[in-house]
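Novice: take a look and give me a structure for this.
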Amino acid sequence: MSTPYGYGGRPQDRPAPPPGVLPPPQQTQWRPAPPPGQYSPQGQYPQQVPQYGQPQQYPGQWGPPQYGGPNQFNGFQPPPPRRGGAIRLALLGFGVVAVLGIALAVIGVLLGGGDSTDTATPQISGPSVVPTPTTTAPEGSAEDYLVNAPIYRSGGLGEQNCPATKLGDGSLAAQKVYYEKLFKCLNDAWRPAFQRAGKTEPDPGLVVFDQPVNTPCGSFAPMSGRVLAFYCYGNHVMYTDVKQMNKAFGPKEDLAYLMTIAHEYGHHVQGVSDLFYARAAFVQDHPERKLEMSRRNELQASCFAGVFSRSVAKSYPFMNRLKEFEFQASNSFGDSPDTPEDERTHGLATSQGFWIVNGLNVGETKACNTYAAKEDQVK
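Specialist: As a prediction, the model looks like this:
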């Protein structure tokens, strides 16, 4: 069955393994990522997930076409070192994307100081923007869907009861407990929003790993490249590299952990809402806009993370840490200013901060229509 934006049935409509939180994988044989290719109409998930601790790559399984290798999977990762300066850690949203983004939007919106008082409503002096399309896309086109998707009308996520779990020493065991608690809150918060948008997809899975892991999106080892975490559209599972996270942030910067997992969940939101697939179709027709659309995709995932953060601000809590939240949002994620413009796939740290805080301040999904945003807001 065709879709409004020009290709066959959605891959996520095929059978998928049951969702769940998986324990860290055991040592597995290292295998290279599969070669580039298109979705396989015949490929289906097995009826059962592999035994816990033994993740594997499913034969014949569909997955987004790949490009370049692990460091090209636009994932949360520290940025390259600045010339003549210290390394500026940056997380870049790793939803395995084989498709998008080019152009060059321009700006880096610096956010103002935050309110550090314990107020009833989270608010940081800074953006509170609801993007509105300035042009009319052809009805039924991928572009039309990107700027008018039903998920933008899902509203807020409500107030969630989600006290933070201590990260302790940042070990695998400690991070696993932290992520599992936060992951449940993410599922509970987003499930009603999906239903309001007419979606009833199963919850995604989560793998917290400190050993090599094979996925439908390729094989990854801890500390390989600069990947911190990623979401694989091939099996709707998020993966988090314990060692890389601990190296990047240690156990003290818990708000960075919150934003990381919430950003990766933002890629799940894009998959469930069909935004990921519409973007792939759009870039296929407009390859010259690949980088721009990649940035819009990543900044949208961060905005969704901000919307979720609004829902847990009281219970986590971090309302008395808003300046810290703002600082982490604007300094821990995004492309380095030294990244060449033709390689900027995630948006500068200031752009990341703009959209994370915008999602927090507006508190509704309508804040995250980055495909309708001005170019200077997605630099």
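Novice: in stretch 161-172, which residues are buried?
Specialist: Applying a neighbour-count criterion of 16 or more other C-beta atoms under 10 Å, the buried positions in stretch 161-172 are C162, A164, T165, L167, G170, L172. Heads up, the C-betas are built off the backbone N, CA and C, glycines and all.
Novice: so what does the closest residue to the fourth one other than its chain neighbours have for phi and psi?
Specialist: Spatially, and ignoring its direct neighbours in sequence, L167 is nearest to P251 (4.2 Å; C-beta to C-beta, 6 or more residues apart in numbering). Summarising the backbone geometry of P251 under the convention degrees, to the nearest 10, its torsions are phi -90, psi 0.
Novice: do a quick rundown of the helices in the stretch 101-250 of the chain.
Specialist: Secondary structure of the stretch 101-250 of the chain by DSSP state H, counting those that start in this stretch: the helices cover 142-148, 172-196, 242-249.
Novice: only the buried residues of the last one, if you could.
Specialist: What it means is helix 242-249. V242, K243, Q244, M245, N246, A248, F249.
Novice: now do the longest one
Specialist: Buried positions in helix 172-196, judged by neighbour count with 16+ other C-beta under 10 Å: 172, 174-179, 182-183, 185-191, 193-194.
Novice: quick revisit: looking at the helices of the stretch 101-250 of the chain, which is nearest to S311?
Specialist: Set against S311 and scored by C-beta to C-beta, those come closest in helix 172-196, at 5.1 Å.
Novice: helices or strands up against that closest one?
Specialist: strand 205-209, strand 237-241, helix 242-249, helix 254-272, helix 290-312 (3 or more C-beta pairs under 8 Å, 6 or more residues apart in numbering; DSSP states H and E).
Novice: quick one, it and strand 205-209 angle?
Specialist: 160 degrees (axes from the mean of the first three to the mean of the last three C-alpha atoms, to 10 degrees).
Novice: how much does helix 172-196 deviate in direction from helix 290-312?
Specialist: Using the same axes, to 10 degrees: helix 172-196 against helix 290-312 is 100 degrees.
Novice: coming back round to it: what sits against the residue nearest to L167?
Specialist: L167, G168, D169, G170, A174 (C-beta atoms under 8 Å, 6 or more residues apart in numbering).
Novice: apply 6 Å and report the result again.
Specialist: Contact analysis of P251 by C-beta atoms under 6 Å, 6 or more residues apart in numbering lists L167, D169, G170.
Novice: if I look at the last one, how far off is C232?
Specialist: Taking C-beta to C-beta, to the nearest Å as the criterion, G170 is separated from C232 by 24 Å.
Novice: using CSV, lay out the helices and strands packed on helix 172-196 together with mean pLDDT and distance to A372.
Specialist: Compiled in CSV, those are given as follows (pLDDT from 0 to 100; distance: least, C-beta to C-beta, whole Å):
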stretch, mean pLDDT, distance to A372
strand 205-209, 93, 31
strand 237-241, 94, 27
helix 242-249, 91, 32
helix 254-272, 96, 15
helix 290-312, 97, 9
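Novice: including distance to G158, could those go into JSON lines?
Specialist: Formatted as JSON lines, these follow (distance: least, C-beta to C-beta, whole Å):
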{"stretch": "strand 205-209", "distance to G158": "22"}
{"stretch": "strand 237-241", "distance to G158": "22"}
{"stretch": "helix 242-249", "distance to G158": "28"}
{"stretch": "helix 254-272", "distance to G158": "15"}
{"stretch": "helix 290-312", "distance to G158": "6"}
